[in-house]
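A.B. asks: requesting a structural model of the entry that follows:
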Amino acid sequence: MPESLYENLPVPDLSPDGRRQVRMAKWTRYGDAQAAWLAEHDLGAPPEVRTRLHELVAGGAFGYHFEPENVLGSFSRWTTQRHGWTPDPELGILTENVLQGIWLGVEVFTQPGDGVVISTPIYPPFLDISPSTARRQVEWPMYRDDQGWHNDLDGLESLLAGDPGIRLMVICHPHNPTGVVFTEAELARIVALATQHNVKIISDEIHGDLVHPGAKHIPMLAIPGAEACTVTLASGVKTFGFGGIKCAVAQTANENLLENLQSVSAKLLGGGANRMGAEATVAAWDNGQGWLDEMKLILDANRHCLVDRLAAELPRVRVHLPQATFLGWLDFSAYSPDERTDKWLHRHTGIAGQDGENFGAQGTNHVRFTFGVAPELLNQMIDQMVAGLPKL
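C.D. replies: Here you go, the predicted model:
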């Protein structure tokens, strides 16, 4: 990996100390620990985003912002260019973030007592959906073999056939924490099952622009038949590194679904996308392709570095090469940790990861590890694991 690819990224200071000085939550929560717990990369933001935000601050105009068509049009152009599917800007709305879009979908498409399917292990807020809304949580477990993690489509078919009270599936596509990318055949089957059983789909595609070579992101709404049952959620904040200023899109391909969303959005979207987030998003989607292509080269090299070094130097740590995201799903079961796995890892290595049990029962003895950092820092963290774990 040429060093220039990293050095050209437009971030003044990517070091842990530099991130702590600007009070980044990822680097302040656990003191001096090497931070790998938060799903946020440390590779900066495109210069076009920083320039646009500087212009806004310099102009001193911080009033209300009511131009969602700018963001929705930008999303349509970006998705056409990157993924070969053209959403209709007239059939989307803005939300503060993807999670707000999920809550909106739960409110629109289900009633208390209805079943909501989530695949596990899963991004922890998904596990809060049903308990917080008086819905029934229906878990759809993934399975793992020597090749990695997989979606159990036969299992999903059995769930839907056996529980007529299921009204909604919330899909994380690509998947957090495993990095699995749904294939076109898998998506088509999910849509067919949803149609057969009169179930709606919320597809969280926030990591859709972070798919690595060898895999391809296909938007759920690009699948024939999905327009009748699917809302896709997307955002540029994970990809382009500005999670602290919020903006997301809830996209439909169906006027009836759009009207359903709009019927409750005024009540639930009191904290909608802010102007800084909207402007940063448009700047990124309209001008950030070249920057993203370079950044993804770093992520691709990092994922191979993590998996290859662990296989060679810490073979007791089980990890599969993620197809997407900057997240590694590390299995420390061979070490039989005697406490919560993130605490155990921190105590022995000085690395703060996200404890796997936060992702559901299948996360026992796992840690989610963020590798979206400078290559030299990633190698330093792996060095710390190598030094701290073999003697156990």
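A.B. asks: isn't residue 358 right up against residue 126?
C.D. replies: No. With contact defined as CB atoms under 8 Å, residue 358 does not reach residue 126; the gap is 10.8 Å. Quick note: C-beta positions are derived from backbone N, CA and C, even for glycine.
A.B. asks: for residue 140, the count of nearby residues, please.
C.D. replies: 20 (other CB atoms under 10 Å).
A.B. asks: who touches it in this structure?
C.D. replies: 117, 118, 119, 120, 152, 155, 156, 159, 169 (CB atoms under 8 Å, 6 or more residues apart in numbering).
A.B. asks: who does the spatially closest residue to the fifth one that is not a sequence neighbour form a beta bridge with?
C.D. replies: By that I understand residue 152. Distances taken as CB to CB, 6 or more residues apart in numbering place residue 143 nearest to residue 152, at 5.4 Å, with adjacent residues excluded. Beta-bridge partners of residue 143, counted by DSSP bridges, are residue 150.
A.B. asks: hang on, the earlier thing: between residue 358 and residue 126, who's got more neighbours?
C.D. replies: residue 126 (23 against 20).
A.B. asks: where does the more buried one sit: helix, strand or coil?
C.D. replies: helix (DSSP: H, G, I helix; E, B strand; the rest coil).
A.B. asks: was I right about it contacting residue 117?
C.D. replies: No. Checked against CB under 8 Å, the pair residue 126 and residue 117 is beyond contact range at 10.3 Å.
A.B. asks: list residues touching both of these two?
C.D. replies: With CB under 8 Å, 6+ apart as the test, residue 126 and residue 117 both reach residue 170.
A.B. asks: against which helices or strands is whichever helix or strand residue 52 is part of packed?
C.D. replies: Take DSSP states H and E as the rule and residue 52 turns out to sit in helix 47-59. With contacts taken as 3 or more CB pairs under 8 Å, 6 or more residues apart in numbering; DSSP states H and E, helix 47-59 sits against helix 275-287.
A.B. asks: contact partners for the closest residue in space to residue 240 that isn't next to it in sequence?
C.D. replies: Nearest-residue entry for residue 240: residue 284, 4.2 Å, with adjacent residues in sequence omitted and distances by CB to CB, 6+ apart. Taking CB under 8 Å, 6+ apart as the contact definition, residue 284 lies against 45, 46, 48, 49, 236, 239, 240, 242.
A.B. asks: which one (most neighbours) among the residues you listed?
C.D. replies: residue 236 (30 neighbours).
A.B. asks: show me what contacts that residue?
C.D. replies: Residue 236 makes contacts with 209, 242, 247, 280, 281, 284, 285, 288, as judged by CB under 8 Å, 6+ apart.
A.B. asks: rerun at 7 Å
C.D. replies: When contacts are counted by CB atoms under 7 Å, 6 or more residues apart in numbering, residue 236 is found next to 281, 284, 285.
A.B. asks: quick one, grab the pLDDT at it.
C.D. replies: Note for residue 236: predicted pLDDT of 98.
A.B. asks: what about it, distance to residue 80?
C.D. replies: According to CB to CB, to the nearest Å, residue 236 stands 15 Å off from residue 80.
A.B. asks: and residue 231, by the same measure?
C.D. replies: For residue 231, the distance to residue 80 equals 19 Å [CB to CB].
A.B. asks: ok, residue 136 next?
C.D. replies: In terms of CB to CB, residue 136 sits 38 Å off from residue 80.
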